[in-house]
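> sequence and predicted model, in that order:
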Amino acid sequence: MRIVINDANILIDLIHLELIHLLFELKHLELKTTDFVFEELEEHQRAILQIFIDQGTLEIIESDEMDLERIYNLLIQTSGLSFEDCSVWYFAKINDGILLTGDGKLRRQSTQDGVEVRGVLFVFDVLLKTGLMNFSYAILKLNQLYQINTRLPIKAKNERIEFWSREEHIVY
């Protein structure tokens, strides 16, 4: 089972799209986020995620004093990242996990540090591959996603819509 550390923006987008429940049906992934990311979410978002915490499909990683020191060291060595960003980067690295984020700066800096980074489009790809979502629903939800999140790459969206329209998977 592969550990996936979730950044806030992925969780927020999936909650907004009403797809969050599908993420937690991916049994081959061990889904986690940090206590700092959880606290930065709005109350209603935390309430939705609490259901998955209670079911044991989402783990909140509690940082100890040593973790805090190491996260802080990452923070002071980087530019433009928040403490929350550095917390998911740190825990993805020490767990040899996948960092799931849509934040470009976080993606670049953690990738340079050897961390595997994926985004929300990866979630769509996995949901399709596992049969938890069909192609037409994926296209509908992807178009909705691009209406609410304008920072996502257009080329990647168009490529997926082209493949999914033919009911073909993107290889990841």
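Yes, it's here. Numbering: from 1, shown residues only.
> OK, contacts around Ile71?
Taking C-beta atoms under 8 Å, 6 or more residues apart in numbering, we find Ile71 in contact with Ser63, Phe83, Cys86, Ser87, Tyr90. Any C-beta I mention is one placed from the backbone N, CA and C, and that applies to glycine too.
> again, only this time at 10 Å
Shown in contact with Ile71 (C-beta atoms under 10 Å, 6 or more residues apart in numbering): Thr34, Phe36, Ser63, Phe83, Glu84, Asp85, Cys86, Ser87, Val88, Trp89, Tyr90, Phe91.
> and what of Leu17?
Val120, Phe124, Leu140, Lys141, Leu142, Gln144, Leu145, Ile148, Asn149.
> what comes up buried for the helix or strand hosting the fifth one?
Leu142 is part of helix 135-148 when elements are defined by DSSP states H and E. Buried positions in helix 135-148, judged by neighbour count with 16 or more other C-beta atoms under 10 Å: Phe135, Ala138, Ile139, Lys141, Leu142, Leu145.
> out of everything not next to it in sequence, what's closest to the third one?
Right, Ile139. Ranked by C-beta to C-beta, 6 or more residues apart in numbering and with sequence neighbours excluded, the top spatial neighbour of Ile139 is Trp164, at 5.4 Å.
> in which helix or strand does the one you found reside?
Counting by DSSP H and E, Trp164 is found in helix 154-165.
> packing partners of that helix?
helix 120-129, helix 135-148 (3 or more C-beta pairs under 10 Å, 6 or more residues apart in numbering; DSSP states H and E).
> with mean pLDDT and distance to Leu19 added, can I get those in TSV?
Shown next, in TSV, are these (pLDDT from 0 to 100; distance: least, C-beta to C-beta, whole Å):
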stretch	mean pLDDT	distance to Leu19
helix 120-129	96	8
helix 135-148	96	6
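> quick one, phi/psi of the residue positioned nearest the centre of the chain?
In the chain, the residue lying closest to the centroid (C-alpha atoms, centre = their mean) is Leu100, at 3.2 Å. Here is the backbone geometry of Leu100 (degrees, to the nearest 10): phi -100, psi 110.
> Leu81 now?
Residue torsions, per degrees, to the nearest 10, at Leu81 are phi -110, psi 150.
> and if you look at Glu30?
Backbone torsions for Glu30, taken as degrees, to the nearest 10, come to phi -100, psi 100.
> just checking, what packs against the host helix or strand of Ile48?
For Ile48, the host element (DSSP H and E) is helix 43-55. In terms of contacts (3+ C-beta pairs under 10 Å, 6+ apart), helix 43-55 is packed against helix 8-16, helix 20-23, strand 29-34, helix 35-40, strand 59-61.
> can we see that at 8 Å?
In terms of contacts (3 or more C-beta pairs under 8 Å, 6 or more residues apart in numbering; DSSP states H and E), helix 43-55 is packed against helix 8-16, helix 20-23.
> appreciated, that's everything.
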